[in-house]
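Participant: fold the following.
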Amino acid sequence: MIKRTIYLDKIRPFIGKPLIKVLTGIRRCGKSTLMLQLIEELQNEGIRPDQIICINKELFEFDGIRDYKELHNFVDSKSKNRKDSYYLFVDEIQEIDGWEKAINSFLAQKNYDIYITGSNASLWSSELATLLSGRYIEFKIYTLIFQEFEQLVSKNEKLPSAGDTFSTFLKFGGFPGIHLLDWDDNSIRQYLQSVYSTILLKDVVVRYNIRDAALLEKIVSYLADNCGNITSSKNISDFLKSQRWKVSVDTVQNYIHYCASALLLEKIRRYDLKGKRILEILEKYYVSDIGLRYAVIGYSPEAVSGQLENIVLLDLLAQGYQIFVGKQYEKEIDFIAQKGNEKLYLQVCTTLTDSKVIDREYGSLEAVNDHYPKYVLSLDTGFETSRKGIRWMNIQDFLKSPGKLRI
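Facilitator: Below you'll find the predicted structure:
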């Protein structure tokens, strides 16, 4: 197990504050482990074990806690001394009916520091605002980024050697659970397909009462195969009709929305740099872990450019950046990354050995008339480091560099 410092650093300033700390993320991304790491830090700081109340709804011993009344009674039985402060952790809280009633009550008592996790779409931002009425702060947890993946590889002798780490990550992605398996393609793909099927069934098909699961899978497969490409619901509908699937644009649009709500997909909107406005059409979609692409359609070396974009995107999101696709007249910038007063412009490609590719990648950034950092990222080594103030970096070096080196 590795310390997920990128998230611990974000959460620490809110420990002990009168806000509900909500950890959201796709299933099996490591929220439960992160919660245990928070508990370990509290114990190291002198918090007594009897002050920590931990409920994991995936464990049978907590199966009896099925609604907010049972949750309230259980926690109340564990916190007899009203003068003490208690730290309440509830994992997979969406499994408890009406959970928000008990959680809001505990917060009002002012002697509970509350942490909850959930992977279901019902714990996504739009519904949290209603359920918790502004008394919470959300931390979005992602699967392992490359820095974390590399740390795990270094700690496990069964995993690939350092020289193979990036290509392995590019293929299998960052679900922490793959590191517990025998390191072969069949075992890992079966695990990833199981995770994918669970998300698709529980968080999309069941929640939204999808009748045509085969059509849903076809749409997800299309998006996974086209990550990094500008996409519209009409394009997908037209493609499916060419494959003899009867589907309306509205149905495609709804299914994509359901998948994004279930954290299966990341929707990235376009930003018009000239008009300084967010565009509402022709967005890009990426899978929430590159391993899901492997589960759905297998590994495609010829589509590596989109996979590289996907990895860079997830790394930036985990670092806390807000991401847009840039539009500058007819040119496109892969990512505009913003965090507070920071901003980065990024172009991601496989290689810069062709002069036309060099002109295209650098040309898109050269058209941006401001002084924020601009990068072209590729798999090359020893490339010219800059052109008109635009810096080149090897993708692995970029992913391994501390955030402060990127600004």
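Participant: where along the stretch 201-350 of the chain do the strands fall?
Facilitator: Here the stretch 201-350 of the chain has its strands, by DSSP state E, counting those that start in this stretch, at 265-272, 277-287, 322-328, 331-339, 342-348.
Participant: by mean pLDDT, show me the worst of those.
Facilitator: Of all those, the minimum mean pLDDT falls on strand 277-287 (a mean of 87).
Participant: got the contact list for residue 104?
Facilitator: Residues in contact with residue 104 (CB atoms under 8 Å, 6 or more residues apart in numbering) are 132, 133, 135. Using the backbone N, CA and C atoms, a C-beta is placed for each residue, glycine as well.
Participant: distance of the residue lying closest to the second one once chain neighbours are set aside from residue 22?
Facilitator: Of all residues beyond its chain neighbours, the one nearest residue 133 is residue 104 (7.5 Å), with distances taken as CB to CB, 6 or more residues apart in numbering. Shown here: residue 104 relative to residue 22, a distance of 13 Å by CB to CB, to the nearest Å.
Participant: what's the overlap in contacts for those two?
Facilitator: residue 132.
Participant: in the stretch 101-250 of the chain, where is pLDDT below threshold?
Facilitator: Applying pLDDT under 70 to the stretch 101-250 of the chain flags the ranges 120-126, 157-163.
Participant: show me how this structure divides into domains.
Facilitator: Following automatic domain parsing, one finds the domains of the chain at 5-140, 146-273+280-302, 322-406.
Participant: which one of the ones you listed lies nearest to residue 315?
Facilitator: Among the domains of the chain, domain 322-406 comes nearest to residue 315, with 5.5 Å by CB to CB.
Participant: center of this protein, which residue is that?
Facilitator: residue 142 (3.6 Å; CA atoms, centre = their mean).
Participant: which residue is the nearest non-sequential neighbour of that one?
Facilitator: residue 318 (4.4 Å).
Participant: quick one: contacts for the one you found?
Facilitator: Per CB under 8 Å, 6+ apart, neighbours of residue 318: 6, 142, 145.
Participant: and those as JSON lines, adding secondary structure and distance to residue 333?
Facilitator: Below are those laid out as JSON lines (DSSP: H, G, I helix; E, B strand; the rest coil; distance: CB to CB, whole Å):
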{"residue": "6", "secondary structure": "helix", "distance to residue 333": "25"}
{"residue": "142", "secondary structure": "coil", "distance to residue 333": "22"}
{"residue": "145", "secondary structure": "coil", "distance to residue 333": "22"}
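Participant: check these against residue 253 and report the nearest one.
Facilitator: residue 142 (25.1 Å).
Participant: quick one, phi/psi of that closest one?
Facilitator: Phi and psi for residue 142, reported as degrees, to the nearest 10, are phi -110, psi 170.
Participant: ok, it to residue 222 distance?
Facilitator: Look at residue 142 and residue 222: by CB to CB, they are 23 Å apart.
Participant: could I get the strands of the stretch 201-350 of the chain as TSV with distance to residue 356?
Facilitator: Compiled in TSV, the strands of the stretch 201-350 of the chain are given as follows (distance: least, CB to CB, whole Å):
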stretch	distance to residue 356
strand 265-272	24
strand 277-287	23
strand 322-328	19
strand 331-339	14
strand 342-348	14
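Participant: those: which one's closest to residue 46?
Facilitator: Evaluated over the strands of the stretch 201-350 of the chain, closeness to residue 46 peaks at strand 331-339, with 33.3 Å, by CB to CB.
Participant: pull up the pairing partners for that closest one, direction included.
Facilitator: When pairs are called by DSSP bridges, strand 331-339 turns out to pair with strand 322-328 (antiparallel), strand 342-348 (antiparallel).
Participant: ok, the nearest residue to residue 170 once chain neighbours are set aside - how many residues close by?
Facilitator: Leaving aside its sequence neighbours, residue 170 sits nearest to residue 307 (CB to CB, 6+ apart; 5.9 Å). Per other CB atoms under 10 Å, the neighbour tally for residue 307 reads 24.
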